[in-house]
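# starting from these lines, generate the structure:
(4 chains)
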Protein chains: 2
Amino acid sequence: MIKRAKGVTISQVADAAGVARSSVSRAFTRPEMLLPETVERIMKAAEALGYVPNHTARALSTGRHGNIGLIVPDIANPFFPPLIQAAQLEADRSEFCIFLGNTGESPKQEDKLVGRFAGQVEGLVLASSRLSEERIRAHAAQLPLVLINRDIEGIPRVLIDSGPGVREAVDHLARLGHRKIAYVSGPANSWSNNQRRNAIRSAAAPAGIEVEIVAAALPSYESGRNVVKAILSTGATAAVAFDDVTAHGVLAGLSENKVSVPRDFSLIGCDDVLGAVTYPALTSVSNRSVEAGRVAVSLLLDMLRAHAMRDERCVLETNLVVRSTTAEVD
Amino acid sequence: MIKRAKGVTISQVADAAGVARSSVSRAFTRPEMLLPETVERIMKAAEALGYVPNHTARALSTGRHGNIGLIVPDIANPFFPPLIQAAQLEADRSEFCIFLGNTGESPKQEDKLVGRFAGQVEGLVLASSRLSEERIRAHAAQLPLVLINRDIEGIPRVLIDSGPGVREAVDHLARLGHRKIAYVSGPANSWSNNQRRNAIRSAAAPAGIEVEIVAAALPSYESGRNVVKAILSTGATAAVAFDDVTAHGVLAGLSENKVSVPRDFSLIGCDDVLGAVTYPALTSVSNRSVEAGRVAVSLLLDMLRAHAMRDERCVLETNLVVRSTTAEVD
DNA sequence: GCTTGACATGCAACCGGTTGCATGGAATTC
DNA sequence: GAATTCCATGCAACCGGTTGCATGTCAAGC
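Just a heads-up that it's a prediction; the model follows:
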C-alpha cells in the first residue's frame, strides 16, 4: 500500500513565491504580462514543489481542454490505423490530444461513446459512422463535428470517393474479358459500401458486364472466406470486394476451393491496405485514409478556432492499383 | 456560421424545478437521498431544458473523471488492436473510458503523451513502453500506472512470457535438423525483444544449435524485408523473428531472393497476429495480447478502487503454433 | 403536549485554475 | 514639484458541479 503525494496547487506555488495566485496563473499562460524576474521566481518555486497545472481545472474555467475525439468502428481494420495516426499527427501540430473510441461496428456503442466524449472534447471526428442521420444531426447540434465517409448535408465531411477507382476496376475487368462479376458487399449502413455498389452498377452496364451482389456479414477476413461458395455459385469470373480485408478472406477461400487466382478467377479489393502483403499481391482501389484523417482534423480545428460551423464537403478521389490478382479470362 | 446553444447548468435546472443546486446534483448522483417526487420534478425540468451534466466540473470537485489512458508504441502494429479492444471492453464494464495514445515508437513522444494524459485520467496503462526505467518510475509516482511487457519491480505489470513458446520453437527447429539459426531482433529498448533473444540463446545451447543475431531497425514489414540478405549471409537455415510483422517482411524478402519457404528455409514469427493470413501460413509463438489488455485494465481499476498501489506481477505464458513455414532441413 | 429523532432540503465552502477590474508605485511630462 | 500615464500585481468573482453541516418539518415516543 503506497500512498500518492499528488496535489501541488497554484496556491502553494503562490505562497512559496510570495505572489498572488493570479500571478502564478499568468506566469504559465501569459508570462509577457509579468516582469521577467517575477516569472523566474515563480517558475523556480513551481519547479521546486513539482507543480503541474491541473488540466481539468483549467478546462473548467476556459472551456477548452485541448482534446478532440475520434471515433472509429473497428481499430483492428487496417483501414483505420493510418487514418488515426495521421489525425494524431495533425492534432499534435496544434497541441491537441486525441481521444480515440472504438465502437465495434455497433451504433449503440457509438452513441454511448459520443455522449461520453461530448463533455471532455472540444470537437469530434466520426469516421465511417454507423449512426443514423438523425442521431448524427442531434450530436452535431451539441458540439463541433466532422464526418469521414458519411455524406450529410450541413455537416462538414471528408469523403473518400471510390467512384473513379471502382470505375477503373470495372473497365479493367471488362478489358480482360470478364462478362459477369460479383460485388462482395460490406456493412449495410456504410456510406462507402453504398457508394461502391452504385459505382460498380453504373460502370458495369456500359461496359457490358453483369453484376451480382453477394453479401458478406462484416468487413472481415472470416466473412470473406465464408462467402466464397456463394460467389462461385453465381458463375462470375471475377469479384470486387468491399474492402481489402474481405478480399483477403475471399482469396483464402478461393484457394481452399482449389480456384487459382488470377488464372481461374480475378479479384479486386478496395482501400489498398494490404497491397503487396497478400499472395498473390492484391489488385485494389487506392484509399486516401491518411489524407482523410489529416484533413478531417484540420477542418475541425479550423472550426474550433473560428467558433463556427462550416458546411464543407471535401472529396478525395481514388484510382486503381493493378497488381497480381487480375488476369484475362480463359 | 451556426452558433451553438450549449450550456444548460445545474443552476438553471434548480431554478426551473424550484430547488437548490445541491438537490439537482443529488438527483443525479444519489437520488435515494431525495423524495421520489422531488427527483421526478428535477428530472422533468432537466429533460425539458436539455441538461447534460458537465463532466469536467464534476471531475474537478470529485477528482474522478472516469477515464484511463492507454499508451501504445504503434497502433498500426497488429499486435495492439486486439489488446486495445480488450482493454476498452474491460474498462467499459466499469463505465470507464479509454484515452488512447500512439507514440510512434518515440520515447520523447511517449513522455509528452504521459504528461498530457496525466491531468485527465485516473490511471494509465503503458504497453511496451520505450521509456527508461527512471522516467517510468517518475510517472508512477504521479499517478496509478500499470505496465504491459515491461518488468519493473514495484510497479504492477503484466508480462507476456515468450519463454515457453520460444523454447518450443527452438526445440521444434532442432528436431527438424537445423543447426544454425538467426534471430531477427526488434527494438533495442523493448523488454520483449530482450526476453526473446535470451530465451533463444538459452534454449539453443542445450539443443546443439548456433544462434546469430541479425538486427532489424524497427518491427515492420519493410525492416524485415531489408534484413533478408544479412540473414542469408550468416549461413543459417532457419530464423526466428521478433514478431510476425517482421517475419512477414522476411518471408517476402526470401521469396524475392528465390529462397523457397519452408523447403529451403524455415521461419518462425512471434505474437501470432497474422497466423493463417500469410502465404505460406506462418508458424509463430502465440501471444496473449487480449488477456494482457484485459488484465492490465482490471488491475488498474482495482488499484483505483483500493486507492493504493500494488506490486503485482502477472505472467501470461505462450506456446508454439506450428503452421507451414517450418520443415526439415535438406 | 413536549421532546426526540429521522429525514428532506438548503446553505456555503470547496475543487484549481482564469480573468476583468482595481490599485499603487515608478516613470514621464509640463 | 504636481499631474498624468503606464504597467506589474493583487483582489475577487467565476467556471459547474459536489458535499459536510445546518435547518426546518413532521411523526413517533413518553
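# all helices for chain A, in order.
A:10-17, A:21-29, A:36-49, A:55-62, A:80-93, A:107-118, A:133-142, A:163-175, A:191-207, A:221-226, A:228-233, A:244-256, A:289-306 (DSSP state H).
# I'd assumed residue A:301 was in contact with residue A:144.
No - the pair residue A:144 / residue A:301 is not scored as a contact, 9.5 Å apart, by Cβ atoms under 8 Å. Where you see a C-beta, it was placed from the backbone N, CA and C, and this is true even at glycine.
# so in terms of bridging, what pairs with the residue nearest the centre of chain A?
Centroid-nearest residue in chain A: residue A:127, 4.2 Å away (criterion: Cα atoms, centre = their mean). As for beta bridges, residue A:127 partners with residue A:148 under DSSP bridges.
# how near is it to chain B?
13 Å (Cβ to the nearest Cβ, to the nearest Å).
# so who does that residue touch?
Contacts here follow Cβ atoms under 8 Å, 6 or more residues apart in numbering or on different chains; on that basis residue A:127 touches A:70-73, A:80, A:83, A:147-149, A:292-293, A:296.
# swap in residue A:25?
Counted by Cβ under 8 Å, 6+ apart, residue A:25 has contacts residue A:10.
# rebuild the helices of chain A as JSON lines, extending it with distance to DNA strand C and mean pLDDT.
Shown next, in JSON lines, are the helices of chain A (distance: least, Cβ to the nearest atom of the strand, whole Å; pLDDT from 0 to 100):
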{"stretch": "helix A:10-17", "distance to DNA strand C": "3", "mean pLDDT": "95"}
{"stretch": "helix A:21-29", "distance to DNA strand C": "3", "mean pLDDT": "96"}
{"stretch": "helix A:36-49", "distance to DNA strand C": "10", "mean pLDDT": "95"}
{"stretch": "helix A:55-62", "distance to DNA strand C": "3", "mean pLDDT": "93"}
{"stretch": "helix A:80-93", "distance to DNA strand C": "20", "mean pLDDT": "93"}
{"stretch": "helix A:107-118", "distance to DNA strand C": "20", "mean pLDDT": "89"}
{"stretch": "helix A:133-142", "distance to DNA strand C": "22", "mean pLDDT": "92"}
{"stretch": "helix A:163-175", "distance to DNA strand C": "46", "mean pLDDT": "97"}
{"stretch": "helix A:191-207", "distance to DNA strand C": "39", "mean pLDDT": "95"}
{"stretch": "helix A:221-226", "distance to DNA strand C": "48", "mean pLDDT": "93"}
{"stretch": "helix A:228-233", "distance to DNA strand C": "59", "mean pLDDT": "97"}
{"stretch": "helix A:244-256", "distance to DNA strand C": "45", "mean pLDDT": "94"}
{"stretch": "helix A:289-306", "distance to DNA strand C": "15", "mean pLDDT": "94"}
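# any idea which of these is most buried?
Mean neighbour count, computed with mean count of other Cβ atoms under 10 Å in any protein chain shown, is highest for helix A:244-256 among those, reaching a mean of 24.
# that one near chain B anywhere?
Yes - residues of helix A:244-256 contacting chain B under Cβ under 8 Å from any Cβ of the partner chain: A:248, A:252.
# which strands or helices does that helix pack on?
Counting contacts by 3 or more Cβ pairs under 8 Å, 6 or more residues apart in numbering or on different chains; DSSP states H and E, helix A:244-256 packs against strand A:180-185, helix A:221-226, helix A:228-233, strand A:238-241, strand A:266-270.
# kindly provide the distance from the residue in the stretch 201-330 of chain A positioned nearest to DNA strand C to chain B.
Closest residue of the stretch 201-330 of chain A to DNA strand C, Cβ to the nearest atom of the strand: residue A:307 (14.0 Å). Applying Cβ to the nearest Cβ, the value for residue A:307 to chain B is 8 Å.
# close enough to count as contact, residue A:326 and residue A:282?
No - under the criterion of Cβ under 8 Å, residue A:326 makes no contact with residue A:282, lying 9.4 Å away.
# mutual contacts of the two, please.
A:267-268.
# settle it for me: which of those two has more neighbours?
residue A:282 (27 against 23; other Cβ atoms under 10 Å in any protein chain shown).
# surely that one and residue A:267 touch.
Yes - counting by Cβ under 8 Å, residue A:267 is a contact partner of residue A:282 at 7.1 Å.
# anything in contact with each of these two?
A:247, A:251, A:325.
# ok, now which ones touch the first one?
Looking back up the chat, that one is residue A:247. Contacts of residue A:247 by Cβ under 8 Å, 6+ apart are A:184, A:224, A:239, A:241, A:267-270, A:274, A:278, A:282, A:284.
# what's the spacing between the nearest residue to it once chain neighbours are set aside and DNA strand D?
In this structure, residue A:247 finds its nearest non-sequential neighbour in residue A:269, 3.4 Å apart by Cβ to Cβ, 6 or more residues apart in numbering or on different chains. Counting by Cβ to the nearest atom of the strand, to the nearest Å, the gap from residue A:269 to DNA strand D is 48 Å.
# shared neighbours of residue A:144 and residue A:301, which are they?
residue A:123.
# ok, and the closest non-adjacent residue to residue A:207?
Closest to residue A:207 by Cβ to Cβ, 6+ apart is residue A:174, at 3.9 Å.
# brilliant, that's me finished.
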